[in-house]
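In: Coordinates only, no sequence provided:
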């Protein structure tokens, strides 16, 4: 059974009395344990709503959300579901509770009633896992955006959560902060087998996932490996979605009749491919 | 360029000057910006770019050195500093957080009315500014808090444009927007620049955005102005930028690597379209045998 | 800058005073304040000053910081001192019109001034050596018996924790919004009182909107981290009495004995 199993879910907000805005239309999605899924789409396409269904912050209008076999829509499952699926929000300033890093990380386990000695161990381990142990006694508002987001992630790992849902965690960060957060979640996924659902606008981030799900207007538009999804350049462009420049370049070269062995997803891949194609000279360069 | 609209001379700014917490944020910056230029400002967090732009419109007062607007020191008469802020308009990061009026229109009129314009003039300016940023007229009567995220952002930018500043400074105007919102907003800023012919300073972390809009780039590094040169020249210095924690647009990186492989491509190519113009003929000539006939993609 | 203002003036150090249990420190501070008020003569007052001075030395925080903490109340000290100087009774040492200075007035003046200064120093020792979170934590535990009377002690402590976390953030935000409105020509420095209050509206409204947005986010974050009130909650940092805490209690009891003795042996300093 899939770890996250969303079956035919609809969701709508009440705008005013009697007026509803449909956000999700019969969405079904399965995420397996240990997967790294990137969720792409425009603002208002329903991806943030979906993320809040994952841990029972919102309840589906119809259909069912099962987390590890538990119905996330039921009040009595709430704590168990949230213990399994943690949520990281966009604004790094708004989600830290305590005035000291380690006390913030301890917040989740404290709520779960974990014994003090064990909380200490979990907090230290979580801070080490996101490489913030050194800052454990700092005040959050003195940290950079990327560091704050890593503390937020540590706060979730400390609950021994098996899945982290991140709702545009890098949108407010500078390039360095973005890289810190991406490196952290990629590592947590690889080394600790934590399931990651990453909501993002940045294609270069989505490329690092094992699977990309594209949403548009409350529906799932595409779902597949990054190569499959980003290979459909025309379709993505039609929906005003971004395509990495490397991918776009090669796609259009191919369309113009240049025979390329593959469509690369990153600058590195693209350069590597050209190096191989242009032969001999590449070796000289590698030696230098 | 015949005339410099903005000029700084040995501009220096220290936070908490004279205390043990003194920190130099901008050091000895001397730059000149011409009328009607589109300048991209890059530099990683803490390089001093945010402080610099606040010095340019008189929100901060220099510790040493001068800011000249149309050749005149803006602090010559400190009491008239507000007038400078009308001439050098500043859009902060996440500007939507400054909206406060009952209606969008009233909010857009806030700046013009502070300038002493009448209600009618202010409203006319507001409507014009709204058109520049693509705000639909029916939105003007709504509360700013009812707008969507992207609309709020555009309303806030319009609020500054409505003052019709000679220089418009935008600090990461596309931060947090989705790709569609980002592209539309960038196009509107470019349009505004073209139509009004005003000077624009765009601060951004996205080299791709900067690459396709700015004519010249100001690179800030460790509180100093490390470079001020045409965009192509700056991006041709990929290695130097990397040392400052910056990078070149993805496409520029690719053509530079290709060039190192012996492909005669312009190392300062900034857009995919430009790159294609050069690369399609090159590859067709280089790999003729491998061509598998016309592709019907 | 506004954001330079810190709440509480915690100076992290490794000292006996820092390690002492915050509950004990709060109790001792309250206790000292009471004692300083009941000190009837110079000997007892001098002794309590000495005891507080010992705490200051043990805190390993430079004297300069303590002196700084006195700055805001200098006016109060000066004011009460002046009042006391002229309100003495007995033979005047100096007289000018209806103003007279007596020996008794001078003594009163010195006594009251020292009393205020020692009071402030006593609370400074507490706030300098105890982090705000430790303070809230200790208060929550000390007040816990009140929750039996249905006083929401845990909720108050949580509110304090969150306030301590968000106040610096909101101060920073105020500064940003002010800059943004100034960039649109808002004039906040001139005009009369009413004009100035009016000029604050463009700052206050965005500030409130932002505070609500943050509150909403924070609530989401807290709930998704399984927060469900104080029930069944544990704490990572458990407050525990250690040997040095007992040492401090011992010294305090001893000091109390000396204090009472001094208070009884010597005659009261202030008449009335």
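Out: Right, received. Where do you want to start? In this text, all values refer to a predicted model and were calculated from it rather than measured experimentally.
In: Near chain A, which residues of the stretch 51-200 of chain B? Just list them.
Out: Counting by CB under 8 Å from any CB of the partner chain, the residues of the stretch 51-200 of chain B lying close to chain A are B:148-150, B:175-181, B:183. Heads up, the C-betas are built off the backbone N, CA and C, glycines and all.
In: Among the residues you listed, name the buried ones.
Out: Buried members of those, counted by 16 or more other CB atoms under 10 Å in any protein chain shown: B:150, B:175-181, B:183.
In: and residue C:109, what is it in contact with?
Out: Contact partners of residue C:109, counting by CB atoms under 8 Å, 6 or more residues apart in numbering or on different chains, are C:81-82, C:84-85, C:88.
In: any idea what sits nearest it, other than its immediate chain neighbours?
Out: In space, residue C:109 comes closest to residue C:84 once its chain neighbours are excluded; the distance is 4.1 Å by CB to CB, 6 or more residues apart in numbering or on different chains.
In: okay, now that neighbour: neighbour count?
Out: Residues near residue C:84, counting by other CB atoms under 10 Å in any protein chain shown, number 20.
In: Now that it has come up, it's in contact with residue C:112, right?
Out: Yes. The pair residue C:84 / residue C:112 is scored as a contact, 5.3 Å apart, by CB atoms under 8 Å.
In: Just give me the residue closest to the centre of the chain.
Out: This is for chain A. residue A:198 (1.0 Å; CA atoms, centre = their mean).
In: Report all helices and strands that the lengthiest helix in chain B contacts.
Out: Longest helix of chain B, by residue count under DSSP state H: helix B:179-196. Other helices and strands packing on helix B:179-196, by 3 or more CB pairs under 8 Å, 6 or more residues apart in numbering or on different chains; DSSP states H and E, are helix B:119-132, helix B:149-161, strand B:199-203, helix B:207-213.
In: now those as TSV including mean pLDDT?
Out: Listed next are the helices and strands packed on helix B:179-196 as TSV, based on pLDDT from 0 to 100:
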stretch	mean pLDDT
helix B:119-132	95
helix B:149-161	94
strand B:199-203	97
helix B:207-213	90
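In: Out of those, which gets nearest to chain C?
Out: Proximity to chain C (CB to the nearest CB) singles out helix B:149-161 among the helices and strands packed on helix B:179-196, at 6.3 Å.
In: now what about that closest one, what contacts it?
Out: A:43, B:89-91, B:95-96, B:98-99, B:104, B:107-108, B:110-111, B:126, B:129-130, B:132-135, B:139, B:144, B:147, B:168, B:170, B:173, B:176-178, B:181, B:184-185, B:188, B:192, C:183-184.
In: what's the pLDDT at residue C:8?
Out: On pLDDT, residue C:8 comes in at 54.
In: which bits of the stretch 51-200 of chain C sit near chain B?
Out: With CB under 8 Å from any CB as the criterion, the stretch 51-200 of chain C comes near chain B at residues C:173, C:176-177, C:179-187.
In: Could you rerun that using 10 Å?
Out: Within the stretch 51-200 of chain C, the positions adjacent to chain B are C:173, C:176-187, C:189-190 by CB under 10 Å from any CB of the partner chain.
In: Could you pull out the helices in the stretch 51-200 of chain C for me?
Out: Assigned by DSSP state H, counting those that start in this stretch, the stretch 51-200 of chain C shows helices spanning C:63-70, C:74-86, C:103-129, C:132-142, C:153-183, C:193-224.
In: what's near enough to touch residue A:31?
Out: A:2-6, A:37, A:39, A:54, A:67, A:163, A:165, A:195-197, A:211, A:213 (CB atoms under 10 Å, 6 or more residues apart in numbering or on different chains).
In: which one among those residues gets closest to residue B:240?
Out: Distances from residue B:240 to these, taken as CB to CB, are shortest for residue A:196 (35.7 Å).
In: Could you check how far the closest one is from residue C:111?
Out: Look at residue A:196 and residue C:111: by CB to CB, to the nearest Å, they are 68 Å apart.
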